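> just to be clear, the model below is a prediction. Sequence and coordinates:
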Amino acid sequence: MLKTDILMGSDEINSILRGLVHKLQECIGAWDDVAFIGIREGGEYIAKFLVEMLKVKKGTPLPLGLLDISFYRDDISKRSFYPEVKSTHIPFDVNAKQIVLVDDVLNTGRSVRAAIDQIVDLGRPKRIYLLVLFDRGGRELPIQPDFVGKDITLPPNKIVKIERSKKGLIGKAIVTGVKDDLGT
């Protein structure tokens, strides 16, 4: 059994997400060509939450897609387990869109690289912004986020997971031991 510690609760996470919405509104002038894509699974919940918050503020819904990067990862053949593959659902044309790519935790940059590869396979966006809830450093690739909720420092043998509440909203962020030696 792995020991888990609570990194932060839902109130603090919600405050960070409201701050990210504010940063998005400051940066993006026109919203008619903006779409969100959440990387399954943690980025999915954050993207849904952000899109809902922006809908309330803007009065109009924004397109939301979900991306499973399992087969785009460069370490798939090295993993000691097979990933649980979920569907990718992008219900809009990515061509000429400003895409806000959302993930929960940025570490090595490999997950983001896989997501960008998959998005570019679907078309040619005008721009891809990267938004992450947590940036823990440790890059192996030259990938930097445009929007960061919070910078955190953790030992390399720890991971951060976002848990949902019973209502399906973001409940808390927990820190636990690493499941494999490949990181994220």
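Yes, it's here.
> how close does residue 98 get to residue 112?
17 Å (CB to CB, to the nearest Å). (C-beta placed from N, C-alpha, C; glycine too.)
> more neighbours: which of these two?
residue 112 (25 against 17; other CB atoms under 10 Å).
> quick one: buried residues of the helix or strand the more buried one falls within?
Secondary structure assignment for residue 112, by DSSP states H and E: helix 110-122. Within helix 110-122, the residues that count as buried by 16 or more other CB atoms under 10 Å are 110-116, 118-119, 122.
> so where's this structure uncertain?
Residues of the chain that meet the criterion pLDDT under 70 lie in 1-4, 71-86, 166-169, 178-184.
> show me where it has helices.
Assigned by DSSP state H, the chain shows helices spanning 10-27, 42-58, 110-122.
> residue 153: which of these is closest?
helix 10-27 (16.3 Å; CB to CB).
> centre of the chain versus that closest one, how much separation?
Chain-centre distance of helix 10-27: 14 Å, with CA atoms, centre = their mean, to the nearest Å.
> got the angle for it vs helix 42-58?
Counting by axes from the mean of the first three to the mean of the last three CA atoms, to 10 degrees, helix 10-27 lies at 60 degrees to helix 42-58.
> what's in contact with helix 10-27?
The contact list for helix 10-27 (CB atoms under 8 Å, 6 or more residues apart in numbering) reads 46, 49-50, 53-54, 57, 100, 129, 131, 133, 146-147, 149-150, 162, 165, 169-173.
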